[in-house]
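1. below are the sequence and a predicted model; questions follow.
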Amino acid sequence: MTLIQSRQNVDEAASRPANDNQTPTDFSVLDLISSSDDEVAAIVRRTENLALAVIIVMAIFLILAPVVFIAMRYGI
């Protein structure tokens with residue numbers, strides 16, 4: 001393959017459009033957000049419940065991890 005042939009392949013590849021040129025023009029991230037107050041309240045309620053569960057599990061592990069470590073260390 002000569003230099004001229006390889007240059008033609010590069011030019012051909014550069015002239016093809018990328019996949020992101022095919023996206024719809026009316027797409028917006030704001031369309032994904034719910035506008036109903038009831039749906040927003042439900043999402044917030046689930047998020048708060050999940051956050052409380054995560055905090056409780058973290059507290060339990062912060063208490064139990066040192067106890068388990070000490071028990072394993074001293075062979076209790």
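-> Happy to help now that I have it.

2. pull the number of nearby residues for Val57.
-> Applying other CB atoms under 10 Å, we find 10 residues neighbouring Val57. C-betas here are computed from N, CA, C, even on glycine.

3. Three-state assignment for it, please.
-> Classification of Val57 by DSSP: H, G, I helix; E, B strand; the rest coil places it in helix.

4. stretch 61-73 - what's its average pLDDT?
-> Across stretch 61-73, pLDDT averages out at 93.

5. what do you get for stretch 32-52?
-> Average pLDDT, stretch 32-52: 87.

6. who are the packing partners of the helix or strand containing Glu39?
-> In this assignment (DSSP states H and E), Glu39 forms part of helix 37-74. In terms of contacts (3 or more CB pairs under 8 Å, 6 or more residues apart in numbering; DSSP states H and E), helix 37-74 is not packed against any helix or strand.

7. in it, what's buried?
-> Counting neighbours by 16 or more other CB atoms under 10 Å, one finds that helix 37-74 has no buried residues.

8. how far away is Val67 from Asp38?
-> Relative to Asp38, Val67 is positioned 44 Å away (CB to CB, to the nearest Å).

9. what do you get for Thr47?
-> 15 Å.

10. who touches Ile33 in this structure?
-> Ile33 makes contact with no residue, according to CB atoms under 8 Å, 6 or more residues apart in numbering.

11. okay, stretch 65-74 in CSV with CA atoms only?
-> Presented in CSV, the C-alpha positions along stretch 65-74 are these (Å, rounded to 0.1, in the frame of the first residue of the first chain):
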residue,chain,number,x,y,z
ALA,A,65,-16.9,-4.6,63.4
PRO,A,66,-14.7,-3.7,66.3
VAL,A,67,-16.4,-6.4,68.5
VAL,A,68,-15.8,-9.1,65.9
PHE,A,69,-12.2,-7.9,65.4
ILE,A,70,-11.5,-8.0,69.1
ALA,A,71,-13.1,-11.4,69.5
MET,A,72,-11.0,-12.8,66.6
ARG,A,73,-7.9,-11.2,67.9
TYR,A,74,-8.1,-12.6,71.4
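
12. pull the residues that contact that stretch.
-> With CB under 8 Å, 6+ apart as the criterion, stretch 65-74 contacts Ile76.
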